[in-house]
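J.: Just need the structure, nothing else, for what follows:
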Amino acid sequence: MSRKNTRRQFLKMAAGATLVTALGRAGHAGQPTTSPATSTKPLAGQTIRCLLIDTVYTRAIKDYIPEFEAMTGAKVEYDVQAFVIANQRIDLELSGGTGSYDVVNMTFIWSGKWIGANWATELTPLIDDPALTDKSKLELSDFVGLSPFQRGSRLYALPYFAEVQLLEYRTDIFQKYNIVKPPDTFDEMIAIANKVHNREVAGNILRGVAALHFTWPAFLFSYGGAFFANPPQDMTPLLNSPQAVAATETYATLHRFYPGSVSMADADTMTAFSQGKAAMWIDGSGVLSAALDPKRSVVHDKVSFALVPAGPAGRKPQMAVHGMLIPSATKEKRKGWEFIKWATSKELMSRITLERGYIPVPRESILASPQYKKRFTFGNTDLGTLQAEGGRIAEKGAYMFYRTIPEFGPMGDRIVIAMGEVITKQRETKTALDALNKDVAEIMERAGHKVRKG
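T.: Just a heads-up that it's a prediction; the model follows:
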């Protein structure tokens, strides 16, 4: 199939998409971690169906579900899928109004579309109902990362995942090559990757597929680039600027150290790094934490972390926040709400954090706890402090705006295509970005935004 036809098909799909409590307490199996609001078995005989994206946390939840079932009397049908597959299924479920799931993932890059289309249940009435919620146990003020799921005073999801991009690196390899500190700039990172790269251990690894539109912006912004001219007033895309070209060439260089990385999903990259096949890795802290699991990682005691390196415009890490929503088409809201309360509770998060090495916890009390600091300090590196510092940098850069607009779905898909073309050398960088910018301009125009020409 020609590239021209591929592009035409993409634009057609894009058009359609645009329209449309002791912290860390170890519980025993079978004992509840929270108390239901009204009854010891409030959901006896009922089934709760859940569909979430694959993360360290969502995978860990599965092992604790028998406790929830014993506490509530419910049967949980629990499905975790890769990022792209899960989001496609959820989008279809929500748009179709089937009501077949009680809980699905609230993916922050789709929050603009899903909330805007009234496909997510507003949680505020459930939170304010004393028969359903004990606010002292929910501790809503303890959550971080709520903003993508809020519209004014209305809340549509609770987060289980709030990560900032960091650099993870192999301390044993750095010691072997007498590298005394992690790279401070992207130029230093490329130099280190070239120095340590060999047939057994790649100098660097990065995620591909959908993650291309998550990792690339850290490069774009650090080189002084931007998505739009002056959002939200001027949504003219600037994705083919000289800064964007320079950022993309650096990004592609770091990608190419690991052959085939452009096609690697979350699980692929987590496995590769955990098996010791790469020396460095930039990603969200939630994905990076997979390498800390002693049951699955041969390098769990040979890694450390640092802030994302800087480009000419400084350090520009991005953030990602995921949560759990109740589809508006679901008739029995209480089933999903009981599960969400349990799955995002401080008790369960504390246990999974300490027992499974979970890093991107969206609760301030856990991040600030002595237990977290003890669990996630590597040499002189306190991971909680790194996350807080990276998060402050991200928030100053209005990181979330471009990712939560309703048009980000098709725009992000188009970014993935462009990055793939550059990394695999199917197109020259400027040519690929010119085409990307043109297509994104058309996406924004169809959505009703005024876009300047030329």
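
J.: Can you list the strands that the top strand by length along the chain pairs with?
T.: Using DSSP state E to assign secondary structure, the strand with the most residues in the chain is strand 158-170. Sheet pairing of strand 158-170 (DSSP bridges) gives strand 280-284 (antiparallel), strand 303-307 (antiparallel), strand 319-325 (antiparallel).

J.: The next helix-or-strand element following the last one versus strand 319-325: what angle between them?
T.: This points to strand 319-325. Downstream of strand 319-325, the next assigned helix or strand under DSSP states H and E is helix 333-343. Orientation check (axes from the mean of the first three to the mean of the last three CA atoms, to 10 degrees): helix 333-343 against strand 319-325 gives 140 degrees.

J.: now helix 333-343: mean pLDDT?
T.: In this model, helix 333-343 has a mean pLDDT of 98.

J.: Quick check: next helix or strand after that helix?
T.: Immediately after helix 333-343, counting by DSSP H and E, sits helix 346-356.

J.: And that next one, what's buried?
T.: 346-354, 356 (16 or more other CB atoms under 10 Å). Just so you know, the C-beta spots here come from the backbone N, C-alpha and C atoms, and that holds for glycine as well.

J.: between the strands paired with strand 158-170, which gets nearest to Arg199?
T.: strand 280-284 (16.8 Å; CB to CB).

J.: do you know how far Met235 is from Ala435?
T.: Remark: distance between Met235 and Ala435 (CB to CB, to the nearest Å) = 19 Å.

J.: So if I had to pick from those two, which one is more boxed in?
T.: Met235 (23 against 19; other CB atoms under 10 Å).

J.: Quick check: that one touching Lys450?
T.: Yes. Contact criterion CB atoms under 8 Å: Met235 and Lys450 qualify, at 7.3 Å.

J.: Where does the prediction get shaky in this structure?
T.: For the chain, applying pLDDT under 70 flags the ranges 1-40, 395, 397-401, 454.

J.: Going along the chain, name the strands of it.
T.: 47-53, 75-81, 103-107, 150-151, 154-155, 158-170, 228-230, 234-237, 280-284, 303-307, 319-325, 377-378, 381-382.

J.: Strand partners (parallel or antiparallel) of the fourth one?
T.: Looking at strand 150-151 with DSSP bridges, its partner strands are strand 154-155 (antiparallel).

J.: OK, contacts around Lys181?
T.: Contacts for Lys181 were tallied using CB atoms under 8 Å, 6 or more residues apart in numbering; there are none.

J.: next one: Leu220
T.: 226-227, 243-244, 247-248, 316.

J.: which one of these sits closest to Arg154?
T.: Looking across the contacts of Leu220 and measuring by CB to CB, the closest to Arg154 is Phe227, at 26.2 Å.

J.: So the nearest residue to that closest one once chain neighbours are set aside versus Ala313, what's the distance?
T.: Among residues not flanking Phe227 along the chain, Tyr402 sits closest, at 4.3 Å (CB to CB, 6 or more residues apart in numbering). Tyr402 is 16 Å from Ala313, where distance means CB to CB.

J.: Same question for Pro217.
T.: Counting by CB to CB - Pro217 and Ala313 are separated by 12 Å.

J.: More neighbours: these two, which one.
T.: Using other CB under 10 Å as the criterion, Pro217 and Ala313 rank with Pro217 on top: 23 against 15.

J.: Give the burial count for Ile63, as a bare number.
T.: I think there's a mix-up here, since residue 63 is Asp and not Ile. Asp63, neighbours per other CB under 10 Å, totals 12.
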